[in-house]
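Visitor: Need the 3D shape of this:
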Amino acid sequence: MTNLRKSVVYIISDIDKALAFEWVATYLDKQKFDLSFILISPKETVLEKYIHALGLNVYRVISNGKKDWPKAIFQVYGLLRKINPAVIHCHLIQANIIGLTAGKLAGVKKRIYTRHHSSFHHVYFPKGVLWDKLSNILATHIVAISGNVKDVLINWEKADENKVTVIPHGFLLNGFLEVPAEGVISLKKRHNLEDTDIGKVIGVISRYTELKGIQYIIPAFKNILKLYPDSVLVLANATGDYKSAIQELLKEIPERNYREITFESDIMALYKLFDVFVHVPIDSHSEAFGQTYVEALAAGIPSVFTLSGIANEFIKDQENALVVDYQNAEAIYIAILQILENEDLRNKLIQNGRKEVFNRFGLERFIQSLEELYL
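Guide: Predicted coordinates for the structure are as follows:
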């Protein structure tokens, strides 16, 4: 009997674990698609083990940077000739260059890549724009994860508009509604937040990079301490190239009033520690997507945001979050204070925020959009 399933190969680089790819591996319709993975990585990853456990084909190609690209392209080319897919879908820079090049050489008709960053290379690594433009040329289709990314592709890089499809990320959101109480209690203990004297907890989940705007959150929190002296600022994902500047600012706050968390795997329980969540990128285009916008509202945490990435498309001030101006510590302070002191506002933001993200960012819609693109 002829196999009518369409062969799709995911080519992914520089990822150890990522729920999004686990969800694709699990939920993409196996009656329509024969799914395989090529992982570009120097070692076995959590993702590779997960795919193996599902019984899907997974191959590993080693690349530690540009010097390894020619060999990696040759290896991926060989795998694609063997698999003979109708579609390849590449993710992240190494995978884009290696996979799209090998795919073109192997004669793969549909070569897709997902653009996971927006203006980052333009602002911080101009040489990287050359690799982005090469990817735009090699691909037959480009997935933009937000309208913001589409704008950068078309208006900044002059990519072919006919190649670009906007498919926002999708999430298994019910997990944010069903967080086990014991998980939250465990996190409070692990991060020294179980003391009954602790006041309000202001949460941030952002890498220590300049574009995330943490340098404006800390002065805002310093003012919050004048009214709520037992409050705690939680900074999660506390690592990055801006770390020294952030830690210099933290010297102005008593050590008992902040926690730095380098990594926390139980992200759903982590949100439950917060009374207010703050995410304030420094401009409208620095975020490509910003999944923390979605996660915080799914978790039911009243939030203070600047509009960047996907937030430009669905966050409404005073409706599902409080929106503040970019790079404005005073505005952040006032917004946090509003949430802490207005119960009606808190309840409104929680209710509307959850409704909005569940309507827009469910996993089913995301998977359906991918399947339509592949077909």
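
Visitor: need the longest helix for the chain.
Guide: Longest helix of the chain, by residue count under DSSP state H: helix 343-360.

Visitor: Contacts for that helix, please.
Guide: Around helix 343-360, the neighbours that count as contacts under CB atoms under 8 Å, 6 or more residues apart in numbering are 168, 171, 173, 294, 296-298, 300-303, 314, 318-322, 338-339. For glycine as for every other residue, the C-beta is placed from the backbone atoms N, C-alpha and C.

Visitor: Pull out the buried positions in the next helix or strand after it.
Guide: Using DSSP states H and E, the next helix or strand after helix 343-360 towards the C-terminus is helix 363-374. For helix 363-374, burial by neighbour count (16 or more other CB atoms under 10 Å) applies to 363, 366-367, 369-371, 374.

Visitor: Any of the contacts of helix 343-360 buried? List them.
Guide: Buried subset of the contacts of helix 343-360 (neighbour count, 16+ other CB under 10 Å): 168, 171, 173, 294, 296-298, 300-303, 314, 320-322, 338-339.

Visitor: List the residue ranges of the stretch 51-200 of the chain that fall below the pLDDT cut-off.
Guide: 196 (pLDDT under 70).

Visitor: And the strands in it, which stretches?
Guide: Using DSSP state E, counting those that start in this stretch, the strands of the stretch 51-200 of the chain run over 57-61, 87-91, 110-115, 141-144, 164-166.

Visitor: deepest of these, which one?
Guide: The highest average neighbour count among the strands of the stretch 51-200 of the chain, using mean count of other CB atoms under 10 Å, belongs to strand 87-91 at a mean of 27.

Visitor: about what we covered before: and the longest helix of the chain, what's its mean pLDDT?
Guide: The average pLDDT for helix 343-360 rounds to 97.

Visitor: returning to what we had before: just the ones of the contacts of helix 343-360 in strands?
Guide: Secondary structure from DSSP state E places 303, 322 of those in strands.

Visitor: Buried ones in stretch 137-153, by neighbour count?
Guide: Buried residues in stretch 137-153, counted by 16+ other CB under 10 Å: 138-146, 148-153.

Visitor: for stretch 7-19, same thing?
Guide: 7-13, 15, 18.

Visitor: Can you add secondary structure and distance to residue 179 and give these back as JSON lines?
Guide: As requested, the buried residues of stretch 7-19 are exported to JSON lines (DSSP: H, G, I helix; E, B strand; the rest coil; distance: CB to CB, whole Å):
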{"residue": "7", "secondary structure": "strand", "distance to residue 179": "38"}
{"residue": "8", "secondary structure": "strand", "distance to residue 179": "33"}
{"residue": "9", "secondary structure": "strand", "distance to residue 179": "35"}
{"residue": "10", "secondary structure": "strand", "distance to residue 179": "30"}
{"residue": "11", "secondary structure": "strand", "distance to residue 179": "34"}
{"residue": "12", "secondary structure": "strand", "distance to residue 179": "28"}
{"residue": "13", "secondary structure": "strand", "distance to residue 179": "32"}
{"residue": "15", "secondary structure": "coil", "distance to residue 179": "25"}
{"residue": "18", "secondary structure": "coil", "distance to residue 179": "21"}
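
Visitor: Just give me the closest of the residues you listed to residue 127.
Guide: Nearest to residue 127 out of those is residue 13 (CB to CB; 18.0 Å).

Visitor: hang on, the earlier thing: would you mind giving the buried residues of stretch 7-19 as a markdown table with distance to residue 281 added?
Guide: A markdown table is the format used below for these (distance: CB to CB, whole Å):
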| residue | distance to residue 281 |
| --- | --- |
| 7 | 39 |
| 8 | 33 |
| 9 | 34 |
| 10 | 29 |
| 11 | 29 |
| 12 | 25 |
| 13 | 25 |
| 15 | 23 |
| 18 | 21 |
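
Visitor: For residue 35, which three-state class applies?
Guide: Following DSSP: H, G, I helix; E, B strand; the rest coil, we place residue 35 in the strand state.

Visitor: Likewise for the one 3 residues further on?
Guide: Assigned state for residue 38: strand (three-state reduction, three-state DSSP).

Visitor: my guess is it meets residue 8, correct?
Guide: No. If you go by CB atoms under 8 Å, residue 38 and residue 8 don't touch, sitting 11.5 Å apart.

Visitor: How is the chain divided into domains?
Guide: 6-172+362-374, 176-360 (automatic domain parsing).

Visitor: what's the span of the last one from first residue to last?
Guide: Chord length of domain 176-360, first to last residue, is 15 Å (CA to CA, to the nearest Å).

Visitor: Good, wrapping up.
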